[in-house]
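In: Just a sequence and a predicted model for now, questions to come.
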Amino acid sequence: MECYTKLIEFHALYPRIVMALGMFDGIHLGHQRIVKTAVRRAREIGGTALVFSFLNHPRAVVDPQRSPRLIGSDVLRRKILERLGVDVLVEIPFTPNFAKTDAADFVALLHQYCAPQYVVIGENYTFGRFGRGTPDLMRQEAKRYGFRALVCNPVIRDGEPISSTRIRGLIQQGEIAKVNEYLGYPFSIIGTVVHGEARGRLLGFPTANIELQDENESLPNGVYAVTVAHGAEQYAGVANIGNNPTFGGCRRRLEVHIFDISKDLYGDRLTVSFHARIREERRFSSAEELKAQIERDKKTSISVIAEIFHLQENISMVI
Ligand SMILES: Cc1cc2nc3c(=O)[nH]c(=O)nc-3n(C[C@H](O)[C@H](O)[C@H](O)COP(=O)(O)O)c2cc1C
Ligand SMILES: Nc1ncnc2c1ncn2[C@@H]1O[C@H](COP(=O)(O)OP(=O)(O)O)[C@@H](O)[C@H]1O
């Protein structure tokens, strides 16, 4: 997959462009339907599947008070889009100036740079100044420029369309099974291992610490069954999100004890994927009590992960 952060004349580089449009925060099953539709059509016509998106969330510019916390990250989004078979990813910054582009001019811009044969969008996709552009307007504009607009139905789960807003709520509630079902892959945090208090090793459970970013939607404090990708390797583990109240508190963070590994991970990048919530974070009256509880948490995590991966032959659930 080729990635661009600037607009160039893509139609001069790539044949028969099929575009998928959207912010695609989290790339949930609804987003995946749109992207897969574009990829399938591109393959059918021997063309190029191109995703056109933004580096920052448009709402952070247009309505900063209501700017959403992000489900995914750039790195994760790129990984998943590549896996879905996207040929070209265009992510441009959404600037206050760009926000002034009206809907018809936005389509003119798509035509100028991409000259698409198809534009694939979701039923609730809006575009252009004040979000006034609708799928109907896209269909009309499509006639003018000689492309076809394909409008995908939302993916319904539990009687309602899957949406990023719905998934954010479920993340806040720690409803991991639902979050993972709606995403179609496990909710994950990617981060670099930083130093903590060097206390984990004394407890017998060294934990790789990862800072949480304010801009991301966060699971509630607690203990979770996780898998961890380190380079090409995958491990099971048990993670805690919280402030270590047993030891007087610390800045809220993610820490993960990885099973069957013993090595220096400082400065390395880990992808921590969440599979189940085990319990709340608590204040224990001694380090010994906490240690005994972590031993039980480890056993719980091992059995939860064995069950999930036994039931699920689809190894693509690990990202
Ligand atoms: C599985 C697991 C569960 C944990 N649960 C709690 C908890 O309930 N309460 C708490 O205060 N700390 C909890 N911790 C965090 C430990 O206090 C922390 O890992 C330890 O103090 C090491 O900190 P360090 O990485 O700064 O050395 C947990 C850690 C792990 C790995
Ligand atoms: N199985 C393991 N799981 C997590 N980290 C490990 C493991 N084995 C070794 N380490 C290393 O130990 C560090 C964690 O030890 P810890 O005593 O908790 O220190 P810190 O407080 O700096 O996190 C990790 O950052 C990593 O470099």
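Out: Nice, I can see it. Ligands and ions are numbered 1, 2, ... in the order given.
In: Select the longest helix from this protein.
Out: In the chain, assigned by DSSP state H, the helix with the most residues is helix 287-311.
In: buried set for the helix or strand of the chain with the lowest mean pLDDT?
Out: Of all helical and strand segments in the chain, the minimum by mean pLDDT, DSSP states H and E falls on helix 58-62, at a mean of 87. For helix 58-62, burial by neighbour count (16 or more other C-beta atoms under 10 Å) applies to 58, 59, 61. C-beta here means a position set from N, CA and C on the backbone, and glycine is covered the same way.
In: so does the longest helix of the chain get close to ligand 2?
Out: No: Helix 287-311 does not reach ligand 2 (C-beta under 6 Å from any ligand atom); its nearest approach is 10.8 Å.
In: hmm, who's touching that helix?
Out: If you take C-beta atoms under 8 Å, 6 or more residues apart in numbering as the criterion, helix 287-311 is touched by 203-205, 223-227, 236-238, 246-247, 257, 259, 275-276, 278-279, 282, 284, 317.
In: ok, which of these also contact ligand 1?
Out: 203, 205, 223, 238, 246, 247, 257, 282, 284.
In: Quick one: mark the members of the residues you listed that sit in strands.
Out: Among these, the residues falling in strands (DSSP state E) are 223, 238, 257.
In: Could you list the residues of the stretch 201-319 of the chain in contact with ligand 1?
Out: So the stretch 201-319 of the chain meets ligand 1 at 203, 205, 207, 209, 223, 238, 240, 244-247, 255, 257, 281-284, 290, 294, 297 (C-beta under 6 Å from any ligand atom).
In: For the residues you listed, which ChimeraX command selects only the ones that are buried?
Out: Buried residues among these (16+ other C-beta under 10 Å), as a ChimeraX selection:
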select :205,207,209,223,238,240,244,246,255,257,281,290,294,297
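In: how near is the residue of the stretch 1-150 of the chain found nearest ligand 2 to residue 229?
Out: Across the stretch 1-150 of the chain, no residue is closer to ligand 2 than residue 75, which sits at 20.1 Å (C-beta to the nearest ligand atom). Per C-beta to C-beta, to the nearest Å, residue 75 is found 12 Å from residue 229.
In: which of those two has more neighbours?
Out: residue 229 (17 against 12; other C-beta atoms under 10 Å).
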